[in-house]
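this is a predicted model, with the sequence first.
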Amino acid sequence: MKIALAQINVTVGDFVGNISKIVSAAQTAYNAGASLMITPELVLSGYPPEDLLLRPAFYTASHIALGELVSKLGRFIGLRVLVGHIFYSPPIGPDNSTKSSEYKISPVDTFNAVSLIINGQIFGTYFKQELPNTGVFDEKRYFRSNPKPLVFELEGIKFGVILCEDAWHPYAALLAKAAGAQVLLVLNGSPYHINKENIRVNILRDRVHEIGMSIVYVNLVGAQDELVFDGGSFVLNAQGELVTRLPQFVEKIAIIKFDGAQAQRNEIAPCISVETQVYAALVLGVRDYVNKNGFPGAIIGLSGGVDSALVLAIASDALGANRVRAVMMPSRYTAKMSISDAAEMARCVGARYDEIAITPMFEAFRLSLASKFLGLSEDSTEENIQARIRGTLLMAMSNKFGSIVLTTSNKSEMAVGYCTLYGDMAGGLAVIKDISKTLVYQLCRYRNATTAFTSRDIIPERILTRTPSAELRENQSDQDGLPPYEVLDAIMKMYVEERRSLSEIVEAGYTQNDVQKITQLIKINEYKRRQAPIGIRVTHRAFGRDWRYPITSRFNEEC
């Protein structure tokens, strides 16, 4: 028996485009002689639709799209297709006598569903049982659970169907087995974070050991806003052995074989390093955000520093250098080596390079404010003015040419507020918002060494070895008033990502002064992060969906 795994990249709300992707995959599966094709979770609508699920018109469009898809799949005689979609009861459609605008959508009416389509008809529908409501998920806001199994027979073998989070708990799998299932099929929209691929396999292996049957796991690939779905679909046999694994971060239609109810060994994509994963996630995140939102290209403020160098490399790999524009905006404090390194970086990747000196504009601001600031010494106010001039120039170019501004602040800077509102935070997508400073350097080294792209050593070595500085005043260094990035990043990881207490961090070997200072900076800069662009998520706890702390709070944790 041949089964097709359709690891495809769809777009939220693009019902026409998503139908085309599914039908194209079905054509490939049909031509290969597959008896069954499995698509990812909510593949018809795209995932996650979020509050579109509160719009009656979205349900009407989804209902119509499902009918169109069922009809189009009817030409593949004998091919069974499992399609993830939204199910609304009562259905909204042209045959419904009540106007859709009169409906008040609620979780009482709505299900995260998957239907089995055969020869132009729906032969059964399954509703998700376990609704995740932590981290980036809030499915209980939209969906209702329904503990009813779906089991169907194909070539003498009974297949059970479940959805994503169902597989992280024993109940749904055991229910499918009790209903006679001999193989378990899992449709997923599982977003990426570092080490997620190993976590998935281990969780599903637990299910295998509980139910004693092969499991087929099909995952979405592509980016949706800050989330990246990495694919990495896989199959475990009844002994829990990995017998199939699709590559991460790419679309693929794979044909796997079963001998009865036992999965056979097929293609197993090699494991890839953390740096390879993260870089691929960032490239995919930029490509899909820019392309799916219809931007012609990207604009980056290039400083000659490591962060903007990494963002330029990612953008060029994601979009092609011809769609990327780098803008160097030197001031009186900008070192000549910064200008030289920025120009060299742009030349290496082949991106357009422009220089706009901000000194005349900065002096105009100082002159305008001189009487108001009389008798006061210069401080971060003047530093921030420079950053805001640069942000204004970049946004002006974005308005004029339509390209999106990619910001360059990393997670370490976002954590402690080492960034300027309406300055270097101005833009549409924060590419490395979830990348610590130490990981920034690792990714730069990886990009220079990789053979996966056409260019090599595109980030000049001097950028990677010089002391990092915002260059907003004389002799400035990023470490002014902060501990080394190795210390800052370790404290940030334990506090933000691991949710460790301050006393636990001190016990891990960090000084009470550093721990108190860093965590206090994280707290007081929440108001900045709320106003930052969304950023691509690569850790299991990023600033954004995962991080929901109040801005106004008098709670202070002590070491």
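Done, it's in. Numbers count the residues shown, from 1 in each chain.

in which helix or strand would I find residue 26?
helix 15-31 (DSSP states H and E).

and that helix, how far out from the chain middle?
With CA atoms, centre = their mean, to the nearest Å as the basis, helix 15-31 stands 24 Å off its chain's centre.

list the buried residues for that helix?
Within helix 15-31, the residues that qualify as buried are 15, 18, 19, 21, 22, 23, 25, 26, 28, 29, 30, counting by 16 or more other CB atoms under 10 Å. All C-beta spots, glycine's among them, are computed from the backbone N, C-alpha and C.

which among these gets closest to residue 47?
residue 18 (10.5 Å; CB to CB).

which residues touch that closest one?
By CB atoms under 8 Å, 6 or more residues apart in numbering, the contact list for residue 18 reads 10, 11, 43, 44, 45, 46, 65.

give me the pLDDT value at residue 481.
Note on residue 481: pLDDT of 74.

pull the number of nearby residues for it.
Neighbour count of residue 481, defined by other CB atoms under 10 Å: 10.

how about residue 352?
Neighbours of residue 352 under the rule other CB under 10 Å: 14.

repeat for residue 513
Neighbour number of residue 513 under other CB under 10 Å is 11.

distance-wise, check it relative to residue 491.
Residue 513 is 11 Å from residue 491, where distance means CB to CB, to the nearest Å.

now the chain, which segments are flagged as low pLDDT?
Flagging of the chain using pLDDT under 70 yields the residue ranges 90-108, 451-456, 470-473, 475-480.

try it again with 50
Applying pLDDT under 50 to the chain flags residues 91-103.

in stretch 207-224, what counts as buried?
Buried positions in stretch 207-224, judged by neighbour count with 16+ other CB under 10 Å: 207-208, 211, 213-224.

among these, name the ones in helices.
Among these, DSSP state H puts 207, 208, 211 in helices.

format these as TSV; extra columns: distance to residue 256.
As requested, these are arranged in TSV below (distance: CB to CB, whole Å):
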residue	distance to residue 256
207	18
208	16
211	19
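
which one of these is nearest residue 507?
Using CB to CB, residue 207 comes nearest to residue 507 of those, at 36.4 Å.

now do the closest one against residue 176, distance only.
In terms of CB to CB, residue 207 sits 10 Å off from residue 176.

what does residue 414 give?
Distance, residue 414 to residue 176, using CB to CB: 43 Å.

from the contacts of residue 18, which two are the most distant?
Farthest pair in those (CB to CB) is 11 and 65. Separation: 12.8 Å.

ranges for the helices of the stretch 401-550 of the chain?
411-416, 437-449, 461-465, 485-492, 502-507, 512-524, 526-529 (DSSP state H, counting those that start in this stretch).

list the buried ones in the second one?
If you call a residue buried by 16+ other CB under 10 Å, then helix 437-449 has these buried ones: 437, 438, 439, 440, 441, 442, 443, 444, 446, 447, 448.

save these as a markdown table, and put in distance to residue 37 too.
Shown next, in a markdown table, are the buried residues of helix 437-449 (distance: CB to CB, whole Å):
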| residue | distance to residue 37 |
| --- | --- |
| 437 | 44 |
| 438 | 43 |
| 439 | 38 |
| 440 | 41 |
| 441 | 43 |
| 442 | 39 |
| 443 | 36 |
| 444 | 41 |
| 446 | 35 |
| 447 | 36 |
| 448 | 41 |
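
neighbours of the closest residue to residue 428 other than its chain neighbours, just the number please.
Spatial nearest neighbour of residue 428, chain neighbours left out: residue 404 (4.1 Å); criterion: CB to CB, 6 or more residues apart in numbering. Residue 404: 21 surrounding residues under other CB under 10 Å.

what's the answer for residue 233, then?
Residue 233 has 29 neighbours, counted by other CB under 10 Å.

just checking, it touches residue 247?
No: in this structure, residue 233 is not within contact of residue 247 by CB atoms under 8 Å, at 9.4 Å.

any idea how far the nearest residue to residue 504 once chain neighbours are set aside lies from residue 224?
In space, and not counting its chain neighbours, residue 504 is closest to residue 494: 7.3 Å by CB to CB, 6+ apart. Residue 494 sits at a distance of 29 Å from residue 224 (criterion: CB to CB).

residue 514 too?
37 Å.

could you pull up phi and psi at the residue at the greatest distance from the centre of the chain?
Distance to the chain centre peaks in the chain at residue 375, reaching 48.6 Å (criterion: CA atoms, centre = their mean). The phi/psi pair for residue 375 (degrees, to the nearest 10) reads phi 90, psi 0.

against residue 270, how distant is it?
Taking CB to CB as the measure, residue 375 falls 66 Å from residue 270.

same question for residue 10.
26 Å.

those two: which is more packed in?
Neighbours were counted for residue 10 and for residue 270 using other CB under 10 Å; residue 10 has more, 30 against 6.

list the contacts for residue 324?
So residue 324 contacts 297, 298, 299, 300, 312, 315, 316, 349, 351, 352 (CB under 8 Å, 6+ apart).

what are the bridge partners for it, then?
Here residue 324 sits in beta bridges with residue 298, going by DSSP bridges.

now the one 4 residues further on
For residue 328, the beta-bridge partners are residue 355 (DSSP bridges).

which ones are touching it?
By CB under 8 Å, 6+ apart, the residues touching residue 328 are 301, 302, 303, 304, 339, 342, 343, 353, 354, 355, 356.

ok, 6 Å please
Residues near residue 328 by CB atoms under 6 Å, 6 or more residues apart in numbering: 302, 342, 355.

do the same with residue 290
With CB under 6 Å, 6+ apart, residue 290 has no contacts at all.

mind doing that once more with 10 Å?
Neighbouring residues of residue 290 by CB atoms under 10 Å, 6 or more residues apart in numbering: 223, 296-298, 315, 318-319, 323-324, 403-404, 406, 428-429.

looking at those residues, which are in strands?
Of these, the ones assigned to strands by DSSP state E are 223, 298, 324, 404, 406, 429.

need those in JSON lines (columns: distance to residue 116).
Listed next are the ones in strands among the contacts of residue 290 as JSON lines, based on distance: CB to CB, whole Å:
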{"residue": "223", "distance to residue 116": "29"}
{"residue": "298", "distance to residue 116": "42"}
{"residue": "324", "distance to residue 116": "44"}
{"residue": "404", "distance to residue 116": "40"}
{"residue": "406", "distance to residue 116": "42"}
{"residue": "429", "distance to residue 116": "38"}
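
wait, residue 254 touches residue 232, no?
No: between residue 254 and residue 232 there is no contact, the gap being 11.6 Å when judged by CB atoms under 10 Å.

who touches both of these two?
7, 245, 246, 247, 269.

quick revisit: closest to residue 113 out of the helices of the stretch 401-550 of the chain?
helix 526-529 (35.6 Å).

of residue 254 and residue 232, which one has the most company?
Remark: of residue 254 and residue 232, residue 232 carries more neighbours, 26 against 22, as counted by other CB under 10 Å.
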